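A.B. asks: Fold the following.
(one chain, ligands or ions: 3)
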Amino acid sequence: MAEYFVGHKEYFPGIGKIRYEGPKSDNPLAFKYYDPDRMVGGKTMREHLRFAVAYWHSFGEDGSDPFGSATHVHPWESDAETPMEAYEHKIDAAFEFFTKLGVDFYCFHDRDLAPEGASPAQSEKNLAHMVALAKERQKATGVRLLWATSNLFKHPRYMNGAATNPEFAVVAQAAAQVKAAIDATIELGGQGYVFWGGREGYMTLLNTDLKREKAHLARFLIMARDYGRAHGFKGMFYIEPKPMEPTKHQYDFDVETVAGFLRAYGLEKDFRVNIEANHAELAGHDFHHELETAAALGIFGSVDANRGDPRNGWDTDQFPINVYDTTLAMLAILRAGGFTTGGLNFDAKIRRNSVDPADLFEAHIGGMDAFAAGLLAAQRIIEDGKLAAFVRQRYASFDAGDGKRFEEGRMSLEELAALASASGAPDVASLGRTSGKQEYLENLIMQYVLGVE
Ligand code: XLS
Ligand code: CA
Ligand code: CA
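C.D. replies: Ligands and ions are numbered 1, 2, ... in the order given. As a prediction, the model looks like this:
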């Protein structure tokens, strides 16, 4: 991958290309497990993991929170003479970061890449200007766009929602934004387009026609899908579930809810889910649960890789470090057939007091190592086959005979009930042979995790 800081100001001086040095390295700016060209089950690590950097958190966050103002000073903003120049410098800093880190992909919201203008036409002009710069930089470096999205939650006009806004005029504004963002995605060869409905929900049901709002959301998505397909977008559309925050209740609550919605409106062919670990946790699920659910429903798409804090009830968007979790995640992803258009996007931010320029690198290195180690452990679990054999065996009574007839729908309730009388109730001794063996299985996974090298 070509490096990108020659010919313009270097924004991360003193930090060079991040390389793999192995688990024994004590260099904080080296990979311990992520070895991009290492083969794992027929594919390289880089092909499996498809890491992406999130433009908004990495280059747009200023460290402010509801109690305090900005702590992160971005040199790409402070050295700019005009507002647009800050965006031009930001893209240089971003591509310098991508190439030094060695990631193949990035993701952005329209408003991360270019500022909102005074009118939709001006906003489109700003975006087109920055898309041209992004295209040049993608070409120079080989870094690609995993997915783009539109920010339909920040501007005050979206305080009552975007596609689900009770004011039709706001829905039209949102459409103008999405149309331009889909055009940008096509122009940049983006492999996906995400809808995260941050304000598509409600604060109180007292003022909300829930049925109408959901139908409006579906109508909007159908229009976006049809526009994209008519204009040559071959990538995947994704819905990113999240149960709440900033709304009290978000319509795209979790994977199962989104699956039902997609089927209800005939969107299941063009849409899959972009699953975020921290959102799974807010929905009261494990990340692993959301991934397995998406795989089972055939709508697994992409991942926003991060973590929450189990003691906080909000979206902390921290970098992932728990290898037990990344192992289970990679197991689900490999079993779902791996990524096609999707990848692992670090929708994660460094902390407010992480003010050393190296922090952004170290955060991503940790996240990449956590997923690389998870991939290695998951691949061994699959190759050993012990876990899969256990689960298969657990359902063996459905593999033949009456169990099979039941599974295939070739039995009535009367027949099934008659079998109960014929065979009698299973006795305690036979139940003893069907232990769930949870403790053994948890230990087994731990062995794979600890055996990673
Ligand atoms: C916010 C979401 C958001 C989406 C893209 O919670 O994670 O960042 O990924 O709009
Ligand atoms: Ca996300
Ligand atoms: Ca989040």
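A.B. asks: can you pull the contacts of Asp309?
C.D. replies: Contacts for Asp309 (C-beta atoms under 8 Å, 6 or more residues apart in numbering) come out as 316, 318. From N, CA and C alone the C-beta is placed, and that goes for glycine too.
A.B. asks: quick one: the helices in the stretch 1-150 of the chain?
C.D. replies: Counting by DSSP state H, counting those that start in this stretch, residue ranges of the helices within the stretch 1-150 of the chain are 45-49, 55-60, 75-78, 83-101, 110-113, 120-141.
A.B. asks: list the buried ones in the fourth one?
C.D. replies: Using 16 or more other C-beta atoms under 10 Å as the test for burial, helix 83-101 gives 86-101.
A.B. asks: what does stretch 388-402 rub up against?
C.D. replies: Here stretch 388-402 makes contact (C-beta under 8 Å, 6+ apart) with 382, 403-404, 406-407, 411, 419, 434, 437, 441.
A.B. asks: buried subset of these?
C.D. replies: Taking 16+ other C-beta under 10 Å as the criterion, what is buried in the contacts of stretch 388-402 is Met411.
A.B. asks: Of the contacts of stretch 388-402, just say which sits nearest to ligand 2.
C.D. replies: Ligand 2 has its nearest neighbour among the contacts of stretch 388-402 in Ile382, at 27.4 Å by C-beta to the ion.
A.B. asks: Which secondary structure element is home to the closest one?
C.D. replies: Using DSSP states H and E, Ile382 sits within helix 358-384.
A.B. asks: and that helix, what other elements does it pack with?
C.D. replies: Under the contact criterion of 3 or more C-beta pairs under 8 Å, 6 or more residues apart in numbering; DSSP states H and E, helix 358-384 touches strand 30-31, strand 39-40, helix 45-49, strand 51-54, helix 83-101, helix 323-335, strand 344-346, helix 438-450.
A.B. asks: Low-confidence bits of this protein, can you list those?
C.D. replies: Across the chain, the ranges flagged by pLDDT under 70 are 1-3, 5-7, 431-433.
A.B. asks: Ligand 3 next: which of the buried residues of helix 83-101 are close?
C.D. replies: Among the buried residues of helix 83-101, no residue lies close to ligand 3 (C-beta under 5 Å from the ion).
A.B. asks: bridging residues for the closest residue to Asn322 other than its chain neighbours?
C.D. replies: Taking C-beta to C-beta, 6 or more residues apart in numbering as the measure, Asn322 lies nearest to Arg307, with 6.6 Å between them; neighbours along the chain are not counted. Beta-bridge partners for Arg307, by DSSP bridges, are Gln318.
A.B. asks: What parts of the stretch 301-450 of the chain come near ligand 3?
C.D. replies: Residues of the stretch 301-450 of the chain found near ligand 3 (C-beta under 5 Å from the ion) are 315, 317.
A.B. asks: Pull up the residues of the stretch 301-450 of the chain that are close to ligand 1.
C.D. replies: Proximity of the stretch 301-450 of the chain to ligand 1, by C-beta under 6 Å from any ligand atom, involves residues 304, 315, 347.
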